[in-house]
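Chemist: this one's sequence-less:
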């Protein structure tokens, strides 16, 4: 199940599994990041690991216990963010080809951002409910929400970088 998540971790990867107390009782939660995407809760579980922090080493393809950055500090506040939708043309998702990959355009009231299609496909394919996208600008992280709860953050692709 973790194949797709690990495929994103070509250079680096971090995985965190922790116990959380909820109204319904204790539950185990997890988050993972490759430095450009941070995904937690809301999407089906990727990794079957015990509670702890893990680092993915791409050279050997090994997930081992290790120190990870503070993932919670990477979650921006929703202030200033606007709801956006993917751009469709003739009822098909409009894709933009850039370098060796495809981009999805997310567009809303005066804001636009570009998201790698691989990330878009992963998120929308794994989500059981409809995903809501929010963008502040083309340079700030893109938020994706499921049922009004932030379930991840994705860094946009900057078209000005060549």
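Modeler: Now that the structure is in, tell me what you want to look at. This is a predicted model, so every value here is computed, not measured.
Chemist: from the chain's centre, how far out does stretch 89-105 sit?
Modeler: 18 Å (Cα atoms, centre = their mean, to the nearest Å).
Chemist: can you give me the buried ones in it?
Modeler: Using 16 or more other Cβ atoms under 10 Å as the test for burial, stretch 89-105 gives 95, 102-105. (Glycine included, C-beta is placed from N, CA and C.)
Chemist: please apply the same query to stretch 8-17.
Modeler: 8-9, 13-17.
Chemist: just the endpoints, please. Distance across it?
Modeler: From its first residue to its last, stretch 8-17 covers 18 Å (Cα to Cα, to the nearest Å).
Chemist: can you give the contact residues for the longest helix anywhere in the chain?
Modeler: In the chain, assigned by DSSP state H, the helix with the most residues is helix 117-126. Here helix 117-126 makes contact (Cβ atoms under 8 Å, 6 or more residues apart in numbering) with 4-5, 8, 36-37, 39, 43-44, 86, 95, 101-104, 131, 144, 152, 154.
Chemist: all helices of this structure, in order?
Modeler: For the chain, the helices defined by DSSP H cover 3-8, 117-126.
Chemist: pop the domain breakdown of the chain in here.
Modeler: Domain segmentation of the chain under automatic domain parsing yields 3-74, 82-154.
Chemist: give me whichever of the ones you listed is most buried.
Modeler: Among those, ranked by average contacts under mean count of other Cβ atoms under 10 Å, first place goes to domain 82-154 (a mean of 16).
Chemist: so how far is it from its chain's centroid?
Modeler: Put simply, domain 82-154 sits 10 Å off its chain's centre (Cα atoms, centre = their mean).
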